[in-house]
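> quick one, what's the 3D model for this:
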Amino acid sequence: MKSLIFENFSDKDNISRKINHFNLTWTGNPNYPVIRLDVFEGNLSANKLYSKLGFSQAGKCRFPHQEMEFVCYEMKI
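Residues are numbered from 1 along each chain as shown. Here you go, the predicted structure:
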C-alpha cells in the first residue's frame, strides 16, 4: 500500500495535482489496482471534490477514537 496524505484541504488545486501525479505514477502497476481515500462524512468540500475527480463511494467506516464516520472512496487505476 502506498499512502498519499493531505493535511490541509484548503488548496484544492494542489490536491488535484497530487492525486493526478499519484495516479500517473502507479497506473498499470498490478500491485496497486485502486486508489482509496477516506474522508470525514461531514467534510462536504472533500466529498464533492473526490466525486468530481472520478472517485466512487465504496462504503463507510469508523476509525478508533473518531466520533464521525468516514466515507471511503475508490478509483481504479
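> which element is the residue located most distally from the centre of the chain on?
Relative to the centre of the chain, and counting by CA atoms, centre = their mean, the farthest-placed residue is residue 65 at 20.4 Å. Per DSSP states H and E, residue 65 falls between elements, in no helix or strand.
> any idea of the pLDDT on it?
At residue 65, the predicted lDDT confidence score is 88.
> now do the phi/psi pair for it.
phi 70, psi 20 (degrees, to the nearest 10).
> do residue 19 as well
phi -60, psi -40.
> circling back to that earlier point, and the gap between the residue farthest from the centre of the chain and residue 33?
From residue 65 over to residue 33 the distance is 30 Å, taken as CB to CB, to the nearest Å. C-beta here means a position set from N, CA and C on the backbone, and glycine is covered the same way.
> now the strands for this structure?
Taking DSSP state E, the strands of the chain run over residues 34-40, 56-61, 70-76.
> which strands or helices does the last one pack on?
The contact analysis (3 or more CB pairs under 8 Å, 6 or more residues apart in numbering; DSSP states H and E) places strand 70-76 against strand 34-40, helix 44-52, strand 56-61.
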